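K.L.:
give me a 3D structure for the following:
(3 chains)
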Amino acid sequence: MSQTFPISVTVNGKVYNREVEPRLLLSDFLRHDLGLIGTHVGCEHGICGACTILFDGEPVRSCLIFAVQANGHEIRTVESLGTPDHLHPLQQSFKDKHALQCGFCTPGFLMTLVPFLEEHPNPSEDEIREAIDGNICRCTGYEKIVEAVEDAAAKLSQAK
Amino acid sequence: MTAKYLSQPIKRLEDKYLLTGNARYVDDIEVPGVLHAAFLRSDYAHAKINKIDVSEARKRPGVVAVFTAEDFGDFWKPGPLQVPPPTAIAGSKFNARTIVPIAKDKIRYSGEALAVVIAESRYIAEDAFDDIIVDVEPLPAVIDLEKAWEDTSVRVHDDLPSNMAALVSQEVGNYEEAKKNADVVVSKRMLVEHVAGAAMENRGFVAKWDEQDQQMTIWANTQSPLTVRGSVARNLGLAESQVRVITPYIGGGFGPKVMTSLSDDVLIPWIARKLNRPIKWMEDRRENFLATTSERDQVHHCEIALKKDGTILGFKDVFYHNTGAYDSYGMTVPLNTQTHTISNYRVPNFYTEIRMVFTNTMVVTPVRGAGRSEGVFVMERMIDFAAKKLGMDPTELRLKNLLTAEEMPHKTGIIGQDFVANVLDSGDYLDNYQKCLKAVDYEKFRKEIQPKARKEGKRLGIGVVAFTEGTAVGPYEGCKVTISTNGKVTMATGYSTQGQGHQTVFAQIIADQLNVKVEDVKVITGDTGSFAWGAGTFASRGATLVGTASYLAAQKVRAKIFATASKAFGVPEDEIELGEGFVFVKGKPENKITLGDLAIKANPMRGVVEPGVEPGLEATAYYGPPHGATGSGALAVIVSVDPETYKVKIERFVMVDDCGTIINPLILDGQIDGGVSMGIGNTLYEKMVYDENGQMLTASFMDYLMPQATDMPKKIEIIHQHNKSPLNPLGIKGIGEAGAIPPGPAICQALEDAFSEIPLEILESNLNPSIIYDYVKKARNS
Amino acid sequence: MKVEGEHLFKAPREVVYEMFNDPNALGAAVPGLQKMTKIDASHYEATLGIRVGPVSANFSGTLTLTDEVPPEKVTLIVEGKGGAGFVKGVGYVNFEDLGDKTTMMRYVGEANIGGTLASVGQRMIDSVSKSIFKTAFEKLDKILEERWQQK
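P.N.:
Numbers count the residues shown, from 1 in each chain, chains lettered A, B, ... in the order given. Model (predicted):
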């Protein structure tokens, strides 16, 4: 399949016009074509959640979508949240509570949690655990991730 | 000098890069001109190869080359033995059959590489698989361990008379004699089943050959960069200095990434040099299940002999251990099983026999726990069965036999994975257990909570087990600490990192010795270009070995600071003081020299130096212990079982852990939490299954279930004990694998307790609701 | 994997048996069967495309008939290979004349599945194979109706 199609995708606020093969996965497009390496590929069959990005604001597995499906849509990846010197409050909470170890699953968790916290500014522990059930972490046992979300929720609601 | 950073919950220095997408993992390494590799893997578990025809694949547009075993010529050979055989154990028999980089003449496990395609993209490389014609004659598969040992008609290695990979037995005292005095003897057959490391990041490898400089640069997410460097150099006839192995950020290790000389380690560098193009390979999840190593898969025949007052007289364990199709990693895993079976208790007579067997499955190498989990599982289960026979509470039987602080150091009499006699260096195992019982309120559970639940028709049970974790084994690790002319400190070590917080914990130790800010210490791990000596990340040895080496190197640098300052100020050393980042003469702090300027003074560009003085404020130190340090602890779990679905919920989880001196309590708890999630996962959700034809049935997360956030207990309660190890100056013991070891037997004990009115006996380690239901049904019918 | 079942055909045994020996009939009935060619009386070659969960695969292989006692019974040996793995199976099929111009076909067999199909699709193979049989029988019933009516 060497035929390519032109697509126009907005990623983190910037418009990218590219020619891609129809079978190119969105995860590969973001990581290798655009050099946005924050989104990670853990399983390529939609279960681990490491590749989660926001597609028109909704968390979605980028390993299960083709780049051509993103034509005309808005994508947000972890790079849109913060920088090493200016962390997003959720990222700061992750650091403060030691909610990451190897960091491979972390961007997927962050992109799942950002819209979740917008819709649930005061989540219970059960609600948090259910919200992150679609993200697998092998290092942390999830406990400190839950603490980080509680911490961020408190911070974000105070800021309002 | 009081430690400012040791034992403090310092937030990790590496996090801001990991959180923001600014950390490069191996698949993020971009090299101009790179080509992509893909391995065609065998569907058959055992087959004779007639021909692998790649001629059509070579013609496909975008394919640059395709290689089979024949194309590698003399380069193709079985790999090295990564762990030497146990010659230290008298009478041991070991047949070395090491892993081959690609199948030649015979296929020995499903997933074994048959051909490697090099193409312009991974997509095209995988397209080419359809062009390859594989002509094989399937053979029956050797899968069942006990049958593999007995049946010599089908052999994984035809040049051997059977499927025996090793036979190693060890004895303390005389079990058969001791048994004669026993009042109670219990015998059981138990299984500890197969699990995957399943790190979120799969394996990957990038090799770049520079023809002009004759240099090979490799980026790999290996736990052993120095082993990879050594074997690549040897394989290609290069000097080690011509090979640089860099570990980028690694998305979890857990053991499987310590195995080297797999297809990629051996073939990708050769191909990169042959084609004079950089080559990248990234494993996918299915390949990770099929063709990356995994662990556990033992069948144990155990026997325990006791007096009627509960004193353990002896223990016997004859067990079959699956090494898979090859045994490159030696006996590390089953030797750990042998040492950890009796390591919590007073067991004066112990006979243990490893029957290691070849099968047509992927090779077995350590996964968090690394054989220890199996030893602890069988001992804890046998104690539970003995308690039932004796009519004793299982906790009572343990309290009678657990080792105490007064008995330390304790020689168990068993030789371990480091080939020296196992010595338990420190700890109070009885105290661990008693504290655990108190913390979980055992009495209250038995007298109030459980009876109340029973009246309400709820199935609630408790299990309390003990465990040890042998850690910090040799041979050695080392590091180099340097103060730069900008006043900041760099440490470089050959050890590699997969998320354990090394950039922070070693910086803490060094910052304390040099009186600098912890964030001014940069730790470089796993880059052979920066530090080229060491063994690798395994056996929970980083904190102890690299931590101690950091301490020793920093102390040497501290001595150089004082010596250089003494010369610079022209006063004796005892009049020098070290402030935060500068030196001064006592009483005259306004007249100071920064560490950066001192570093310049320590490296004169003209003049003469005194003989024996080394330049700069830099020092290297190595540390190798006489034997490992042993962590220990206890675990209590309270479980509830849904009466209709048999789903198990963990209501309470209380762990006591003793790892000696704590370097960073945040990171310590994180390590325990992670190990715990693996232990719970292994017990209630995970199981790697091969069918009788050697087909893996669980090669994706759809079938290999990983524990999720709602599967974990609400809180992992941890109580820390602080019995320092006498073996190293900071008193550290390892902790990396502790969490994964006890959940299995604790949950089994708790389940049997939840159904205590029936003779429920769980004889395997990996459960799910159907399996539990079958056990309950069997117990009800008996 | 064990395969077994039965199906009642509304036609006499000879007609049913003849239909089973016609590669065109089977070719039309079995979903995914792309090509079926008769090599000789007891050997067929076929290509089959199926989807099992996330795995879609093309298999090419052979079907061998042995121990044939027409119109009563036959043993089928299936061997197929493709990019997504392999299938090897044996099926014992028998046709019972129920006396009222209907035929009960019974089959029992063993199939060994290997490769990607087994490692990521095994939990679906059972239901997919049942679904293939169901669709095939529905189509065969229609084909049989036309043939029987012609007679």
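K.L.:
C-alpha only now, for contacts and for neighbours.
P.N.:
Will do.
K.L.:
next, the buried residues of the lowest-mean-pLDDT helix or strand in chain C.
P.N.:
In chain C, the helix or strand scored least confidently by mean pLDDT, DSSP states H and E is helix C:23-29, which has a mean of 84. For helix C:23-29, burial by neighbour count (16 or more other CA atoms under 10 Å in any protein chain shown) applies to C:23, C:25-29.
K.L.:
pretty sure residue B:411 sits against residue B:403.
P.N.:
No. Taking CA atoms under 8 Å as the definition, residue B:411 is not a contact partner of residue B:403, at 11.5 Å.
K.L.:
which of these two has more residues huddled nearby?
P.N.:
residue B:403 (22 against 14; other CA atoms under 10 Å in any protein chain shown).
K.L.:
name all residues that make contact with the more buried one.
P.N.:
B:344-346, B:428-430 (CA atoms under 8 Å, 6 or more residues apart in numbering or on different chains).
K.L.:
let's see that with 6 Å instead.
P.N.:
B:345-346, B:429-430 (CA atoms under 6 Å, 6 or more residues apart in numbering or on different chains).
K.L.:
if we can go back for a sec, of the buried residues of helix C:23-29, closest to chain B?
P.N.:
residue C:27 (24.3 Å; CA to the nearest CA).
K.L.:
so how far is residue B:36 from the closest one?
P.N.:
Look at residue C:27 and residue B:36: by CA to CA, to the nearest Å, they are 40 Å apart.
K.L.:
then residue C:106?
P.N.:
51 Å.
K.L.:
what of residue B:487?
P.N.:
From residue B:487 to residue B:36 the distance is 43 Å (CA to CA).
K.L.:
not counting its neighbours along the chain, what's nearest the residue in the stretch 1-150 of chain B that chain C sits nearest to?
P.N.:
Chain C sits closest to residue B:43 of the stretch 1-150 of chain B, with a gap of 4.1 Å, by CA to the nearest CA. Once flanking residues are discounted, residue B:43 sits nearest to residue C:115: 4.1 Å by CA to CA, 6 or more residues apart in numbering or on different chains.
K.L.:
and for the closest residue to residue B:119 other than its chain neighbours, the neighbour number?
P.N.:
Spatial nearest neighbour of residue B:119, excluding adjacent residues (CA to CA, 6+ apart): residue B:63 at 4.2 Å. Applying other CA under 10 Å, we find 22 residues neighbouring residue B:63.
K.L.:
which bits of chain C sit near chain B?
P.N.:
By CA under 6 Å from any CA of the partner chain, the residues of chain C that approach chain B are C:83, C:85, C:114-115, C:118-120.
K.L.:
show me where the stretch 1-150 of chain B has helices.
P.N.:
B:15-19, B:55-59, B:122-127, B:145-150 (DSSP state H, counting those that start in this stretch).
K.L.:
before we move on, back to that, tell me the least confident of the residues of chain C next to chain B?
P.N.:
Across these, the smallest pLDDT goes to residue C:83, namely 84.
K.L.:
mind checking how far the closest residue to that residue other than its chain neighbours is from residue B:279?
P.N.:
Nearest residue to residue C:83 in three dimensions, chain neighbours excluded: residue B:130, at 5.9 Å (CA to CA, 6+ apart). Per CA to CA, residue B:130 is found 22 Å from residue B:279.
K.L.:
and if you look at residue B:603?
P.N.:
41 Å.
K.L.:
which one of the two has more residues nearby?
P.N.:
A side-by-side neighbour count of residue B:603 and residue B:279, using other CA under 10 Å, places residue B:279 first with 27 against 15.
K.L.:
which other helices and strands does the longest helix along chain C contact?
P.N.:
Assignment by DSSP state H gives helix C:116-150 as the longest helix of chain C. On a contact count with 3 or more CA pairs under 6 Å, 6 or more residues apart in numbering or on different chains; DSSP states H and E, helix C:116-150 meets helix C:23-29.
K.L.:
quick check: next helix or strand after the helix it packs on?
P.N.:
strand C:33-40 (DSSP states H and E).
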